[in-house]
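# Compute the structure for the input listed below.
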Amino acid sequence: MEARAELGRHLTTLRSLQWMAGEMGDPYALLLRAEDHTTMSLEQRGPVWRSELGAWIVTDRRLVRALLADSRLAGSHPGGARAHAVRGPRWNRPCCHVLPLDGVAPQPTPDRVRRLAVLAAAAGPDWGPAERACYRLAETLTGTVDLVSAYCEPVAVAALGELMELPESVAPSVADLAPVLDALSSPPSLETAERLLTTAARVRDDVAALVVQRVAEPGAEDLLSALLGAARRTGASVEDVRELVTGLVVVGTRMAADLAAAALAGLLANGLWTAKHAERAVDDILRHAPPVRFTTLVSQVDFDLDGLWVEADTPVVALLAEPTDGAGEAEPLVWRCGLAAGLVPAFVRRCATTSVRALMNTFSGVIPMGQPICRPNAPVTQGLLSLPVSLATRAA
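Model prediction:
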């Protein structure tokens, strides 16, 4: 009971601070309060500026790319702690690590991101089974459905389930974990926070048990076995494998579902319901409205940020959405974020693109049955809660 009361006080304190900063016109606080649904106001304030919440906001994409690869920034406070003591000249709490979800949604250091990338590449997964799962689920749909709950979320789990054995807790946990990425920066309700923490702990423990079991009983031919074999060849640890698999199960499925839903909503809104537009739609979302729109890092030491002095243990918010009028690099900026480590980028892009294409190849006529509805309090993802449609005509 005492722990629940303390969690409630923590969330209420953060919401109150965001409210007060928002009343002062702070764009970042208004975004976290879900009163401003775009990141445009962050860019309009300038390339680098400091929020009333204490975080430095960086919108200049050149600086963002450099910061995401800078070892002076990490996902945790100096020393690895995620404590939130009241400190500073004003009554203030850091606006990062709202909930302790690093066990399922970690922000690894740039060096660790590179190590996980080597492990992922060495595993060499075959994505064919995952793609076929998308088509099988599309074939089961009929009538009027909510594409988020009936297709985008379950297809992400089904696709991953074709690649490797999944704990039984994963499939029913997808909806409960929907706010996981937003809860890293914006305080949810107490009930949502408790559900997130409970579900995250269960999934984390089940994935860890599955990895331990596979180490003790090798022989299966799936992605998990391939990762363990790659770990032996590359010198990676079993803990690296566990972190990579957990990232796929929690972050990968969430990003894939949100990306597919956003792409489908955009294609429906623009009357572009043909399979040839699927890949372009997914790529556009990844660049300009990615499933993680910004990420929060913490300075490990004092350093100079484009002429501004950033003290150690200060949150730095990096904007990941790219401008529509700019020439982007080959790799979307969101893939440089620590949350997208390991196999997450490859899985998310393939799953989202194939699920969009599968639905278009299965149904030639799809009619929107209302406006898309975003999840409440979702400043990081702006993910869809509902996308109701009528699947009017099956493709010949």
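# show me where the protein has strands.
48-50, 56-58, 73-74, 143-146, 294-299, 303-305, 308-310, 315-319, 363-368, 373-374, 384-386, 388-394 (DSSP state E).
# The second one pairs with which strands, parallel or anti?
This points to strand 56-58. Applying DSSP bridges, strand 56-58 is found paired with strand 48-50 (antiparallel), strand 315-319 (parallel).
# hey, which helix is longest across this structure?
Across the chain, the longest stretch assigned as helix under DSSP state H is helix 190-216.
# burial count for residue 365?
As a burial measure, residue 365 scores 11 neighbours (other CB atoms under 10 Å). All C-beta spots, glycine's among them, are computed from the backbone N, C-alpha and C.
# can you pull up the bridge partners for it?
Residue 365 forms beta bridges with residue 393, as assigned by DSSP bridges.
# pretty sure it contacts residue 392?
Yes - if you go by CB atoms under 8 Å, residue 365 and residue 392 touch, sitting 4.0 Å apart.
# now do the same end-to-end measure for stretch 294-309.
End-to-end span of stretch 294-309 (CA to CA, to the nearest Å): 21 Å.
# Can you give me the buried ones in it?
294, 295, 296, 297, 298, 299, 300, 303, 305 (16 or more other CB atoms under 10 Å).
# ok so, going back, for the strands paired with strand 56-58, could you give me a markdown table that also reports mean pLDDT?
Listed next are the strands paired with strand 56-58 as a markdown table, based on pLDDT from 0 to 100:
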| stretch | mean pLDDT |
| --- | --- |
| strand 48-50 | 93 |
| strand 315-319 | 93 |
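# tell me the contacts of the closest residue to residue 337 other than its chain neighbours?
Nearest non-adjacent residue to residue 337, counting by CB to CB, 6 or more residues apart in numbering: residue 295, 4.7 Å away. Listed by CB atoms under 8 Å, 6 or more residues apart in numbering, the contact partners of residue 295 are 68, 107, 317, 318, 320, 337, 338, 339.
# Switch the residues you listed over to a markdown table; also include distance to residue 261.
A markdown table is the format used below for the contacts of residue 295 (distance: CB to CB, whole Å):
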| residue | distance to residue 261 |
| --- | --- |
| 68 | 26 |
| 107 | 24 |
| 317 | 25 |
| 318 | 24 |
| 320 | 18 |
| 337 | 20 |
| 338 | 23 |
| 339 | 18 |
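# Among the residues you listed, which lie within helices?
Those of those lying in helices (DSSP H): residue 68.
# Out of the contacts of residue 295, which is nearest to residue 140?
Relative to residue 140, the closest of the contacts of residue 295 is residue 339; by CB to CB it sits at 30.7 Å.
# That closest one reaches residue 291, doesn't it?
No - counting by CB under 8 Å, residue 291 is not a contact partner of residue 339; they are 9.5 Å apart.
# contacting residues around stretch 252-261?
By CB under 8 Å, 6+ apart, stretch 252-261 touches 147-148, 151-153, 155-157, 159-160, 170, 174, 177-178, 180-181, 282, 285-286, 290-292, 340, 343-344, 347-349, 351-352, 355-356, 372, 381, 383-384, 387.
# rerun that using 6 Å as the cut-off
148, 152-153, 156-157, 174, 285, 291, 344, 347-348, 351-352, 355-356, 381, 383-384, 387 (CB atoms under 6 Å, 6 or more residues apart in numbering).
# pLDDT on it, on average?
Along stretch 252-261, the predicted confidence averages to a pLDDT of 95.
# And stretch 211-231, by the same measure?
Stretch 211-231 shows a mean pLDDT of 87.
# measure that stretch end to end?
For stretch 211-231, the first-to-last residue distance is 12 Å (CA to CA).
# With stretch 146-153 instead?
11 Å.
# How far away from the center of its chain is it?
In terms of CA atoms, centre = their mean, to the nearest Å, the centre of stretch 146-153 is found 17 Å from the chain centre.
# Kindly provide the whole-number mean pLDDT of it.
pLDDT averaged over stretch 146-153 gives 95.
# Next: stretch 58-78.
Confidence for stretch 58-78, expressed as mean pLDDT, is 87.
# same check, this time on stretch 337-345
pLDDT averaged over stretch 337-345 gives 85.
# what about the stretch 1-150 of the chain, any weak spots by pLDDT?
Within the stretch 1-150 of the chain, the stretches with pLDDT under 70 are 1-2, 36, 79-96, 102-103.
# where along it do the helices fall?
2-23, 27-32, 40-45, 61-68, 110-123, 128-140, 147 (DSSP state H, counting those that start in this stretch).
# Which secondary structure elements does the second one sit against?
To tie it back to what came earlier, the one meant is helix 27-32. Contacts defined by 3 or more CB pairs under 6 Å, 6 or more residues apart in numbering; DSSP states H and E place helix 27-32 against helix 2-23, helix 40-45.
# Give me the buried positions along it.
Buried residues in helix 27-32, counted by 16+ other CB under 10 Å: 27, 28, 29, 30, 31, 32.
# try the fifth one
Within helix 110-123, the residues that qualify as buried by neighbour count (16+ other CB under 10 Å) are 110, 112, 113, 115, 116, 119, 120, 122, 123.
# shouldn't residue 341 be in contact with residue 116?
Yes - counting by CB atoms under 6 Å, residue 116 is a contact partner of residue 341 at 4.7 Å.
# hmm, back to that, to residue 245, which of the helices and strands packed on helix 27-32 lies closest?
Nearest of the helices and strands packed on helix 27-32 to residue 245, taken as CB to CB: helix 2-23 at 27.9 Å.
# between the closest one and helix 190-216, how many degrees?
120 degrees (axes from the mean of the first three to the mean of the last three CA atoms, to 10 degrees).
# quick one on the thing from earlier: quick one, which of the helices and strands packed on helix 27-32 is nearest to residue 212?
helix 2-23 (28.1 Å).
# list the helices and strands the closest one packs on?
Packing contacts for helix 2-23, counted by 3+ CB pairs under 6 Å, 6+ apart, involve helix 27-32.
# What confidence value was assigned to the residue nearest to residue 337?
91.
# And residue 178, by the same measure?
86.
# could we number from 21 for the rest of this?
All right, first residue 21 from here; so that's residue 198.
# Residue 129 versus that one, what's the distance?
As judged by CB to CB, to the nearest Å, residue 198 and residue 129 stand 27 Å apart.
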